[in-house]
Structure formats: C-alpha cells, structure tokens
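Participant: this one's structure only:
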C-alpha cells in the first residue's frame, strides 16, 4: 500500500553527547590500495581506469574494455584471521576484502580490535551480486560446506564473528545504492539503541565478464566507458 500524503520530516537534532560520528575509515579502490592513495589520485586527476587484460580477456566486441582494477585480489592472510587455508581459498574475495578493511577501519578509529569483543557493535554491509558464484558453479570444490564460503550474508557475519561482535549483522542488497542503504540501517540501529557502534561497508568486484557483458548489451554503460548513463 502506498501513501499519497506528504511524509513528515523525522530528523531530530541529536541531544548533547548523542551525536553520531565517523571515527575510522578504510578502503581499497582501483589502483589505490588505501584511502590516502585514492585521495592523492583524485587530487592529481589520475585516471585509475585501465584497458589492459589483467582481469579478463578483451576479445569480445561487447565486453567493456576499460575497467577499474585493484591490486592483490587473490592475496589474503588467512592465518592472521584464523581461517583455514582451504576455507580462505573458497571464500568470496569480497568477504576477504571486507574483513581486512573492517579491521583497518577499527584501527584507524584508534581502537584496539580486541576491545570490541563482546560489544554491541553492528555490522552493515551493502553488496549486490557475487560473481564468484559463477566460478564455483562451473568448478565446484569437493568440500561439502563450500557454499557457506561465498554466501552474501557471510560478508557481514564473518566480520562479526572474527571481532566477537554481538550487534546486528546484516548484508543489504538494493543494487547500486546498497552501501547507502547499509549506512541508513546503521544510523537507524544506533538511534534506536539496537547497537552502540556500527561498522558500515560495501564491496563489489567484477570477477567474470558475464555481468559487464549484459550491462553493455542493455545499454547501461556509457560509450566512453568512463561513467554510467543517467
């Protein structure tokens, strides 16, 4: 049912001592290993989009030639995060990246990650499709529990489990604005006392050309491959 009357503005000024702040941040971006490198690239107008074939071959005429690529997608310190190597190998690369960035963000906030154990800290992750599922579909591992490694919900749950967090742990999928919705859910959880702290993140990796090929055929990619169409 859709309401036609105007929606009243529900925003209220926070009371003193109840302000919500972003205290730590971390990220990994095309040709930028961290937030500082991304800032420098943007300030210096560096084009971080490339047309090489590091990710996949470009021999199909409809496959976008220019893509943003990050370094070290296959690298992960499984021992540091107490994850068996065979399980780390099966994990969705987005789960690995999010786990690393969550740890870095906590440190960037000036907090020892061990101090969060048992705290009411929520984890909210915005994510869309996982293209690693395509690889597992054609080459399934012998382990019977391999599906747990790439389920989208695990992207948030692994962070909560590793850090020992007891707050909400959600993955949210609303396509292109998934991360924004995750931020909104974190905000609502904080103001409604469902958690005391929140880790908010988002991830999207193009690991197989099939999705980019579909976007191209649907006309969703701008001809210059520098931005999306409005």
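Facilitator: Arrived safely, thanks for sending. Because the structure is a prediction, the values reported are computed rather than measured. Numbers count the residues shown, from 1 in each chain.
Participant: what comes into contact with stretch 22-42?
Facilitator: 46, 48-50, 68-72, 97, 100-102, 104-111 (C-beta atoms under 8 Å, 6 or more residues apart in numbering). Bear in mind the C-beta positions are built from the backbone N, C-alpha and C, glycine included.
Participant: quick one: the strands in this protein?
Facilitator: 49-50, 67-68, 121-127, 169-172, 197-203 (DSSP state E).
Participant: give the contact list for the residue sitting nearest the centre point of the chain.
Facilitator: Nearest residue to the geometric centre of the chain (C-alpha atoms, centre = their mean): residue 203, 2.1 Å. Residues near residue 203 by C-beta under 8 Å, 6+ apart: 94, 97, 98, 125, 127, 155.
Participant: give the bridge partners for it, please.
Facilitator: Legend: beta-bridge partners of residue 203 under DSSP bridges are residue 127.
Participant: can you check what pLDDT the model gives it?
Facilitator: At residue 203, the model reports a pLDDT of 90.
Participant: for residue 88, which of the strands of the chain is the nearest?
Facilitator: Among those, the nearest to residue 88 by C-beta to C-beta is strand 197-203 (16.4 Å).
Participant: would you mind listing the buried residues in the closest one?
Facilitator: 197, 198, 199, 200, 201, 202, 203 (16 or more other C-beta atoms under 10 Å).
Participant: how about a markdown table for these, with distance to residue 38 added?
Facilitator: Formatted as a markdown table, the buried residues of strand 197-203 follow (distance: C-beta to C-beta, whole Å):
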| residue | distance to residue 38 |
| --- | --- |
| 197 | 25 |
| 198 | 22 |
| 199 | 19 |
| 200 | 18 |
| 201 | 15 |
| 202 | 14 |
| 203 | 15 |
